[in-house]
Each structure stands twice: as structure tokens, then as C-alpha cells.
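> What follows is a predicted structure for the sequence shown.
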Amino acid sequence: MSGSQEESFAAVPSPARRLHLAFDDPKAFQQEYARNLERGGAFVATSDAFELREVVEVLVEAGFGGEKLVLAAEVVHAGGGGVAVQFLDSAPDLRSRLESLVEAADHAIAEAAAVAPDDDIVVGPADDEFGDVDLDDHSFDLDGAVAEASVDFAAAAQPGAEDDPNERTFTARAERSPMRVAVRVKAPTGKALTARTRDLSPTGLLVSVDGEELPIGREVRVELTHPTSGEKLDIPAKVVRHVEGEGVVPAVALALQPGAMRADVERFVADLKKADAEQQRGGIRGPLEELGGPSMLQMFAALSKQGTLTVSHGAEEGVVAFENGMLLVAQVGSVMGVKALARILSWRDGFFEFRSHVDPLGDGQSKIPMEAAILDALRVLDENNRLSSPQLPASARLEVARERLGALGQPIGKTEQAILELAAAGFTVRRILDVIPENDAAIRSAVTALLDRGIIRLV
């Protein structure tokens, strides 16, 4: 019965850090398997610090049967004395690989029952601690982590549930899947933000979009687009959470409010999940540092007639789409075009995913030959590096010295005027760089000049 599967079927960047998930009690393993493992995740106790989306190896060891195996996983939540991970193997492959551990647990429990037949042996899934509560109506996860509202709800529904990180993470996120599809978020003002989802379920989604334009609590409408059929579905939603980056909010969590449309939403999301899974099977994913941004982009553009490249860096995510040698879209939050491409090429670490499919993300961006776009982006990046000022942290805010401004004897330029207006509105340095269309180098140079003249101050 004992054995070992040390290899990890899903691709893992090397060297990847390893987590250890050990079970000495077969009943504890059965409960964990029913609650989390077969659903694709686990909570692993550790005092080490991990980054969200960091790819790791998890050694799952069953001491009761001498079985162990190594699974590739991605960190989706950190805190509470450990990390929550989502395994990278497909659901059928994962269940197949865990089968030997399940059999070992069944065998160990059967042996214990034979020795002590009067003992109460729990065989099968653990009881649903939340009774009839429908967590799908109340929970929402954030890029794999459950939002505070769902944690509080779960704790209220079952005293003591807050002590079990597995329950609050994977019971609530059972149906949520990383999924990249085109989405338009339409605010009451009529403005529509075009972006892509990071994850999606019938109850909510995480969207790579500038959160400063979508404050928490705002009622919006979400238009999802099927990647192959082009079918669209428009759903009421509400902004419930911001993902915080350095001086910027690069993503927002939206809770769907389908009302009578719930059945339609569930059907549509199920169709999206199938289409997305098909695209994932034909895609390529890995750590950014192995290839480097420029080489990676040039390689994919040369090998594929069309494609969409998604690059994640910390809390930020950028997307590049091309077709027949032409750049169709380059976007990081609200930043578009060559400026966004330069941002993406500046990232030295993170992860990329390439799919030979183009999402309908174009929103008026001009088509540019890929080679020319990459050269322009590298030129912009070089200028940014040469003129980069270390005293301008992205999260810093600027204060306008109005007494100095009133004493100016000459007019200021258009870029400087925009900087002063945004600084007075409380924008961070990063948000100022995002909003003004000029290259970052020109904006930083103008900010530095205003600082030197005492017209603005760093807060």
C-alpha cells in the first residue's frame, strides 16, 4: 500500500519553494479531502512569507499509509498562520493522483474498525458546518482569497469557523476559477471600462481595471463576452473590494447581482469556463524572469499569427494582444498603447500566460507593427530609466505650495498644469503617471522641476 510520487505533473518553475502538508490521522485526511483537496486547494500552516500567485510545490504526506506525493500549486491567500494554495493539476488528474492516499485512509480506518468495532468511525465527507446557508449568495473571493465580508459571514453562521482557515477559504471559493475573458464595466455615468477578468464565478469576478474610477459601493453593470461565440451578457453588479498596489488600485472585486437572471448567469459562466479551459490547454505559462519581457514578446509574435499575452507583476496585470504582426492592444489598468507596453517590458519578475487567441479588447487603439511598437517601448523604457528619480516613490502624494504658485512670474506648461491639478485632487505619483498621456520620463522630469522650484512638495 505504501508508495511515493515525488514528481509534480503540472509545470513548476525551478527552483520552487516547498510546503509540507502532513496527515497522521486517516479521518483527518478524509475530512480535508472532502472539504478542500478534491476541490483543488488546501491551507498549509507555515511561518514563511509567500507572494500571491507564487508557484510552489506541496508535499502531501499520509503517515498512516506511508503514501506521499508532490503537487504543483499557486498561492492564493496568505495569513492566519499559513497560506492557502490552489493546485495546478486539472480536477480529474488531481483526483487520480490523490486516489492512493484516499485508499490508504480507507484501509487504515477499516483496520481500526476491525480492532475496535464499537468505536464511531467517520467515513466520508465531513458534515456541512454551515447547514443550509448558501455561501454562494454571500461570499466573494479576491484573486483566490476570500473577502472580509465572507469571512465574517461564515464566522456568524457557525461559531468557531473562523478558527479553520480551510473552511473560510475553500468552502466559499469552491466554484471560483481563474478565468480570463473580456469584460466591460459600465458606471452610472455612462463611462465603460474595457478589461479582462482574473477570476469569475456565478456570484462575482475580479477585474484588472483602474479601481480609482470604481469606488467601493458603486453600482455598475458588467458585460461579459464569450471568447468564441461573441455572445454577450449584461449583469448588474456592485464594487465590493479593491486590490491595493503601490500607489494604484490595479484590480477590483465585483459582486454580481443577477436577480431573476441567476439561471442565465450560471449557464453563461459555465459556458465561459469551458471555453477558457480549452484556451488554457493550448496556452503557455511560466515565470517572467526566465525569458524576459522583450524576448518573450518577440518570440510569441514570431511563432504565432495572433495571440494574447497576460503578464502579472505583484498586484498588477498587463495584457498585450496582436494579430498578423500588428499590435492590437497593450494595456495596464487605465494606461494604453506604447506607454503600457513599456510598463510591461519593465517588469523583471512575475508570471506570463500566452494564448493563441485574441480577446475582443480593442477600444479605439491604433494598430502598430509589433516590431516598431517593441522598439518604441524600449526607447521609452530607456528614457524612463535614465530620468527616473528615486525621491519620487509611486505611493507618495504631492502638495501644491499655493503661495509659491501665486508668485510665479511666468506661465507654466501644459504637463506642469496637469500635474498641479492632479496633485491638488490628491492623486499619488503613480496615478499622475497613469492619467497624463505623456511618457513617464517627461512627467517625472516635470514633477522634478516643480519640486526644485518649490511649487509642489512631497507629502
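Alright, I've got the coordinates. Residues are numbered from 1 along each chain as shown.
> pLDDT score assigned to Glu148?
Looking at Glu148, its pLDDT reads 31.
> The residue lying closest to Arg18 once chain neighbours are set aside: helix or strand, and which one exactly?
What sits nearest to Arg18 in space, not counting adjacent residues and going by CB to CB, 6 or more residues apart in numbering, is Glu57, at 4.5 Å. In this view, the C-beta of every residue, glycine as well, is placed from N, C-alpha and C. Element membership for Glu57 (DSSP states H and E) is strand 55-62.
> Packing partners of that strand?
strand 18-23, strand 41-45, strand 67-78, strand 82-87, helix 91-115 (3 or more CB pairs under 8 Å, 6 or more residues apart in numbering; DSSP states H and E).
> buried residues in stretch 105-113?
Ala105, Ala108, Ile109 (16 or more other CB atoms under 10 Å).
> Relative to Asp349, which of these is nearest.
Among the buried residues of stretch 105-113, Ala105 lies closest to Asp349 (CB to CB), at 39.1 Å.
> And the pLDDT at the residue nearest to the closest one when sequence neighbours are not counted?
Once flanking residues are discounted, Ala105 sits nearest to Pro26: 3.9 Å by CB to CB, 6+ apart. Predicted confidence (pLDDT) for Pro26: 88.
> check contacts around Pro26.
Ala62, Phe64, Gly65, Ala104, Ala105, Asp106, Ala108, Ile109, Ala112 (CB atoms under 8 Å, 6 or more residues apart in numbering).
> mind running it again at 10 Å?
62-65, 101-102, 104-112, 121-123 (CB atoms under 10 Å, 6 or more residues apart in numbering).
> Next, work out how far apart it and Leu288 are.
Distance from Pro26 to Leu288, counting by CB to CB, to the nearest Å: 41 Å.
> ditto for Gln279
From Gln279 across to Leu288, the span is 20 Å (CB to CB).
> cool, and Leu309?
On the measure of CB to CB, Leu309 and Leu288 end up 11 Å apart.
> intersection of neighbour lists for those two?
In contact with both Leu309 and Leu288: Met296, Ile344, Phe352, using CB under 10 Å, 6+ apart.
> Cross these against strands and list the overlap.
Phe352 (DSSP state E).
> just the buried members of the shared contacts of Leu309 and Leu288?
The buried subset of those - by 16+ other CB under 10 Å - is Met296, Ile344, Phe352.
> The residues you listed into CSV, with extra columns for distance to Ser395 and pLDDT?
Below are these laid out as CSV (distance: CB to CB, whole Å; pLDDT from 0 to 100):
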residue, distance to Ser395, pLDDT
Met296, 28, 80
Ile344, 20, 91
Phe352, 26, 88
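> quick one: which of the residues you listed is nearest to Ala275?
Phe352 (20.7 Å).
> For that closest one, which non-adjacent residue is spatially closest?
Val311 (4.9 Å).
> For the helix or strand harbouring the one you found, output the C-alpha coordinates as CSV.
When elements are assigned from DSSP H and E, Val311 belongs to strand 306-313. Output in CSV follows, covering the C-alpha atoms of strand 306-313 (Å, rounded to 0.1, in the frame of the first residue of the first chain):
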residue,chain,number,x,y,z
GLN,A,306,-2.3,36.0,-33.3
GLY,A,307,-2.3,35.8,-29.5
THR,A,308,-3.0,37.4,-26.2
LEU,A,309,-0.2,37.7,-23.6
THR,A,310,-1.1,38.3,-20.0
VAL,A,311,1.7,39.3,-17.6
SER,A,312,1.2,39.6,-13.8
HIS,A,313,3.6,41.5,-11.6
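> Return the mean pLDDT over it, rounded to an integer.
Here strand 306-313 scores 90 as its mean pLDDT.
> What pairs with the strand holding Glu57, parallel or antiparallel?
strand 18-23 (parallel), strand 67-78 (antiparallel) (DSSP bridges).
> Least reliable of these by average pLDDT, please.
strand 67-78 (a mean of 87).
> Please compute how far the helix or strand containing Lys27 lies from its chain's middle.
Applying DSSP H and E as the criterion places Lys27 in helix 26-35. For helix 26-35, the separation from the chain centroid amounts to 28 Å (computed by CA atoms, centre = their mean, to the nearest Å).
> Start at 2, not 1
Renumbered: residue one is now 2, and that last one reads helix 27-36.
> Next, the angle from that helix to strand 19-24.
120 degrees (axes from the mean of the first three to the mean of the last three CA atoms, to 10 degrees).
> Let's see helix 27-36 as PDB, backbone CA atoms only.
Below are the C-alpha coordinates for helix 27-36, written out as PDB (Å, rounded to 0.1, in the frame of the first residue of the first chain):
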ATOM      1  CA  PRO A  27      -6.700   8.900   8.300                       C
ATOM      2  CA  LYS A  28     -10.000  10.500   9.400                       C
ATOM      3  CA  ALA A  29      -8.400  14.000   9.400                       C
ATOM      4  CA  PHE A  30      -7.200  13.300   5.800                       C
ATOM      5  CA  GLN A  31     -10.700  12.200   4.700                       C
ATOM      6  CA  GLN A  32     -12.300  15.300   6.100                       C
ATOM      7  CA  GLU A  33      -9.600  17.500   4.500                       C
ATOM      8  CA  TYR A  34     -10.000  15.700   1.200                       C
ATOM      9  CA  ALA A  35     -13.800  16.200   1.200                       C
ATOM     10  CA  ARG A  36     -13.600  19.800   2.200                       C
END
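> and the angle for that helix with helix 92-116?
Going by the same axes, to 10 degrees, helix 27-36 makes 150 degrees with helix 92-116.
> picking that back up, identify, from the shared contacts of Leu310 and Leu289, the entry nearest to Lys239.
Ile345 (30.1 Å).
> From Met337, how far off is the closest one?
12 Å.
> Tell me where the model's unsure across the stretch 102-251 of the chain.
In the predicted model of the stretch 102-251 of the chain, residues 115-178 satisfy pLDDT under 70.
> mind listing the strands for it?
142-143, 146-147, 178-179, 183-187, 193-202, 205-208, 220-226, 233-244 (DSSP state E, counting those that start in this stretch).
> could you redo the ones you listed as CSV and give each row distance to Asp453 and mean neighbour count?
Formatted as CSV, those follow (distance: least, CB to CB, whole Å; neighbours: other CB atoms under 10 Å):
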stretch, distance to Asp453, mean neighbour count
strand 142-143, 41, 26
strand 146-147, 43, 24
strand 178-179, 46, 16
strand 183-187, 40, 20
strand 193-202, 36, 21
strand 205-208, 39, 26
strand 220-226, 42, 18
strand 233-244, 34, 18
